[in-house]
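Engineer: this one's structure only:
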């Protein structure tokens, strides 16, 4: 077996070890690699930035623990920005785990920004079937919810008295790994004119690009990079910025392996052609 | 009749109300449509319960008959029953429930998802082999986007992020638009067929 054959068929375990080492190395010794802000992230930032004081926003953490590493830093970053702007938050739960994330984020931030439950934010209970739930939100938000996540009557909470229809919501910020953002676009954005923005995993960005260009989606944070860019914009370095070096090194390892595999393949092909002649 | 005609009639009436409520500004239709949408949320909650019950039934049967991989079914049943019991008894904000969620479910899910990093790396190494013009275009685009999304790319060439953004915003969007429009047209036609009772596959064998 020649060196080219070896390059073409590198044992995948070597790749696994190198990927693991690059993540560990970057986590132990951060390199502070450069990070520019993409236009889609800037659009999300601008949407939150132009919120008037006391504007009501829907925060919708539609993910589960599997994608928490990417989406929780996004949710936290955007929540910090919205709270700096004095926005009031309705945490809508389209996934069973959403109330947990709402509590987690507000547990971390409420005291710092002096946010009071019921006055500045409300956590709404989980409703099954995102399609039906978002549609019902648009039709009649007050009929959709009567109690909060803990069973408190919503009419007793001061913030709820400001919510008459979905038109009272200035912005929807959804963070998803599935289809909830598209559901918001279809059932709240298009028929009711509520601006939709938020974030998702890195692989979702290409599927959402047409909606951003069509003006139906006001930007999007893509994966850990999106979260890191947002942390940079709001000047709150956190988990996402710390994780970018690891992602950088891992990408480099994968690219090197792609090049090596192709080099091996080309050289084998070349030698076979030469042999036939 | 109860298993076929009545569901078909309910589907037809509901579909017609929702479509016309969208197209016409008739208050009665709007009100009926809002009510139907609310009912849908309630029906969905029942469907979720039915899904859970079905999951229990299937896996109980597997364990009972000692089918291949029955041990996994047993683990699923134990986890499901324990987690549901815990959730109902302590509430979603209960200390024990949150402890299990934070210290068991979260790390397990995160670990499973993190394995993607290894599988995707291995898949990329094997899949991006340049043997044709199309494969070359795919590999070059993939490498440029990968580089453009990380800091190392910016060190290599300052405009790498802009190149990656362009690939996502122009050629990718053009392709995605076609896929999305095609999918939407297909969804509209399936919806019409369901409302008119022409599409009956959701009845299982009954619609045949």
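Structural biologist: Great, that's in hand. All values derive from a computational prediction rather than experimental measurement. Numbers count the residues shown, from 1 in each chain, chains lettered A, B, ... in the order given.
Engineer: Can you give me the buried ones in the one helix or strand residue B:178 maps to?
Structural biologist: For residue B:178, the element it lies in under DSSP states H and E is helix B:173-195. Using 16 or more other Cβ atoms under 10 Å in any protein chain shown as the test for burial, helix B:173-195 gives B:173, B:176, B:180, B:194-195. For every residue, glycine as well, the C-beta is placed using N, CA and C.
Engineer: cool, stretch B:148-159 as well?
Structural biologist: B:148-154.
Engineer: I'd assumed residue A:151 was in a helix, is it?
Structural biologist: No. Under the criterion used here (DSSP: H, G, I helix; E, B strand; the rest coil), residue A:151 is coil, not part of a helix.
Engineer: Just want the residue of the stretch 51-200 of chain A that's nearest chain B.
Structural biologist: In the stretch 51-200 of chain A, the residue that lies nearest chain B is residue A:129 (3.2 Å; Cβ to the nearest Cβ).
Engineer: Number of residues surrounding that residue?
Structural biologist: When neighbours are defined as other Cβ atoms under 10 Å in any protein chain shown, residue A:129 has 19 of them.
Engineer: Next up, phi/psi of it, please.
Structural biologist: Dihedral angles phi and psi of residue A:129 (degrees, to the nearest 10) take the values phi 70, psi 90.
Engineer: From residue A:212, how far out is it?
Structural biologist: From residue A:129 across to residue A:212, the span is 26 Å (Cβ to Cβ, to the nearest Å).
Engineer: residues touching residue B:163, list them.
Structural biologist: Contact analysis of residue B:163 by Cβ atoms under 8 Å, 6 or more residues apart in numbering or on different chains lists B:144, B:148, B:157.
Engineer: Mind doing that once more with 6 Å?
Structural biologist: Counting by Cβ atoms under 6 Å, 6 or more residues apart in numbering or on different chains, residue B:163 touches B:144, B:148.
Engineer: Flag every residue of chain B that's near chain A.
Structural biologist: B:34, B:37-38, B:40-41, B:44-45, B:48, B:105-106, B:109-110, B:113, B:118, B:121-122, B:124-125, B:128-130, B:143, B:146, B:149-152, B:154, B:161, B:165, B:168-169, B:172-173, B:176-177, B:180 (Cβ under 6 Å from any Cβ of the partner chain).
Engineer: low-scoring stretches of chain B, by residue?
Structural biologist: Applying pLDDT under 70 to chain B picks out residues B:1, B:205-208.
Engineer: Just give me the residue right at the centre of it.
Structural biologist: With distances taken as Cα atoms, centre = their mean, residue B:48 lies nearest the centre of chain B, 14.3 Å away.
Engineer: Residue A:126 touches residue A:91, doesn't it?
Structural biologist: No. Contact criterion Cβ atoms under 6 Å: residue A:126 and residue A:91 do not qualify, at 10.6 Å.
Engineer: Looking at these two, which is more packed in?
Structural biologist: residue A:91 (25 against 17).
Engineer: my guess is the more buried one is in a strand, correct?
Structural biologist: Yes. Residue A:91 sits within a strand when classified using three-state DSSP.
Engineer: didn't it look like it was pressed against residue A:59?
Structural biologist: Yes. At 5.0 Å, residue A:91 counts as touching residue A:59 under the criterion of Cβ under 6 Å.
Engineer: what's near enough to touch the residue in chain A positioned nearest to chain B?
Structural biologist: For chain A, the residue closest to chain B is residue A:33, as judged by Cβ to the nearest Cβ, at 2.6 Å. Residue A:33 makes contacts with A:245, A:248, B:151, as judged by Cβ under 6 Å, 6+ apart.
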